[in-house]
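A.B. asks: structure of the sequence below:
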Amino acid sequence: MGRLVVRPRRFLGMTELEGLDRTIERGMARAKTPGVSLGLIRPGHEPFAKGYGYRDREAKLPATPRTVYGIASVTKSFSASRRMASAVNDFVTEAIP
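C.D. replies: Next comes the predicted model:
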């Protein structure tokens, strides 16, 4: 499974949003990602939410802004990393008063 990362340099205006579909679709093709749901909140603009591709490719069910994606056991890695960072911080604080 590929990884799709889009890093806007600033808040997107409407002209940038018009090109966003093309950017997301190219990124999905490059990363071999079947579906993406995107939500943007921008100061002074209406919220933007859209699904791209499929939430279930075999059944041809489209991704929507409300699609819930299974992330398997990835949350364990997040939790372990946070606990380790906390433990290292506590150790350093005790070692260097």
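A.B. asks: please make it C-alpha for all contacts and neighbour counts, starting now.
C.D. replies: OK.
A.B. asks: mind checking the pLDDT average for stretch 35-54?
C.D. replies: Per-residue pLDDT over stretch 35-54 has a mean of 89.
A.B. asks: how far does stretch 38-54 sit from its chain's centre?
C.D. replies: 12 Å (C-alpha atoms, centre = their mean, to the nearest Å).
A.B. asks: and that stretch, what's buried?
C.D. replies: Counting neighbours by 16 or more other C-alpha atoms under 10 Å, one finds that the buried residues in stretch 38-54 are 51-54.
A.B. asks: nearest to Arg82, out of these: which one, please.
C.D. replies: When the buried residues of stretch 38-54 are compared for distance to Arg82 (C-alpha to C-alpha), Gly51 wins out at 30.3 Å.
A.B. asks: please identify which helix or strand holds Leu20.
C.D. replies: With secondary structure defined by DSSP states H and E, Leu20 is part of helix 14-31.
A.B. asks: correction: Met84
C.D. replies: Going by DSSP H and E, Met84 is in helix 74-95.
A.B. asks: report the rounded mean pLDDT for that helix.
C.D. replies: Helix 74-95 comes out at a mean pLDDT of 72.
A.B. asks: begin at 17 from here
C.D. replies: Renumbered: residue one is now 17, and that last one reads helix 90-111.
A.B. asks: possible to save the buried residues of stretch 54-70 as CSV with secondary structure and distance to Met44?
C.D. replies: Listed next are the buried residues of stretch 54-70 as CSV, based on DSSP: H, G, I helix; E, B strand; the rest coil; distance: C-alpha to C-alpha, whole Å:
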residue, secondary structure, distance to Met44
Gly67, strand, 12
Tyr68, strand, 9
Gly69, strand, 8
Tyr70, strand, 11
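A.B. asks: ok, which pair from the residues you listed is furthest apart?
C.D. replies: Across the buried residues of stretch 54-70 (C-alpha to C-alpha), the longest gap, 8.2 Å, separates Gly67 and Tyr70.
A.B. asks: overlap of the contact sets of the two?
C.D. replies: Counting by C-alpha atoms under 8 Å, 6 or more residues apart in numbering, the contacts common to Gly67 and Tyr70 are 51-52, 78-79.
A.B. asks: can you add distance to Lys92 and give the buried residues of stretch 54-70 back as TSV?
C.D. replies: TSV is the format used below for the buried residues of stretch 54-70 (distance: C-alpha to C-alpha, whole Å):
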residue	distance to Lys92
Gly67	27
Tyr68	27
Gly69	27
Tyr70	26
